[in-house]
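Enquirer: What follows is a predicted structure for the sequence shown.
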Amino acid sequence: MSNTEIVRASFDAYLAQDRDTAERLMAQDLVFTSPLDDHIDRTGYFERCFPTADRLISQELLELGSAGEDGVFILYEYELKTGERHRNTEFITVRGEQLVEIQVFFGGQVH
């Protein structure tokens, strides 16, 4: 699979809460950073971030593109059960068909 296909598969696994697939796609030494999480490890990601899909009504991938040899940029929009819509961007590093680093940049609310 290409790096963009791997990232897309990881987003699909998150939305479906398919932990087995997500674990196969995440490297053991995964590092996850967002405005709320500072360089947490794979265990922290699966404890804090992975279970949050239940707060979403929908999520749409708007842009997905390769960046350099290992990088993928993704822009997505999601709607919360509260009715709020938001957009985020992520830069994800993929090596050996696994995500090794995820950097999330929160966007603002979409009106």
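Expert: The structure has been received and is ready for your questions. Numbering: from 1, shown residues only.
Enquirer: Need the CA coordinates for the helix or strand containing residue 61. CSV is fine.
Expert: According to DSSP states H and E, residue 61 maps onto strand 56-67. What follows is strand 56-67, C-alpha atoms only, in CSV (Å, rounded to 0.1, in the frame of the first residue of the first chain):
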residue,chain,number,x,y,z
LEU,A,56,-18.6,12.1,15.8
ILE,A,57,-21.6,12.0,13.5
SER,A,58,-19.4,12.1,10.4
GLN,A,59,-15.9,12.7,9.2
GLU,A,60,-14.9,13.6,5.6
LEU,A,61,-11.4,13.5,4.2
LEU,A,62,-11.1,16.7,2.2
GLU,A,63,-7.4,16.5,1.0
LEU,A,64,-4.9,13.7,1.3
GLY,A,65,-1.5,14.0,-0.3
SER,A,66,2.1,12.8,-0.1
ALA,A,67,4.7,15.1,1.3
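Enquirer: Can you give me the buried ones in the longest helix seen in the chain?
Expert: Of all segments of type helix in the chain, defined using DSSP state H, the longest is helix 3-16. Of all the residues in helix 3-16, those buried under the rule 16 or more other CB atoms under 10 Å are 3-4, 6-11, 13-14. Using the backbone N, CA and C atoms, a C-beta is placed for each residue, glycine as well.
Enquirer: Check which helices and strands the strand holding residue 61 is in contact with.
Expert: Helices and strands touching strand 56-67, by 3 or more CB pairs under 8 Å, 6 or more residues apart in numbering; DSSP states H and E, are helix 3-16, strand 71-80.
Enquirer: would a markdown table of those with mean pLDDT and distance to residue 89 be doable?
Expert: Below are those laid out as a markdown table (pLDDT from 0 to 100; distance: least, CB to CB, whole Å):
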| stretch | mean pLDDT | distance to residue 89 |
| --- | --- | --- |
| helix 3-16 | 97 | 12 |
| strand 71-80 | 97 | 5 |
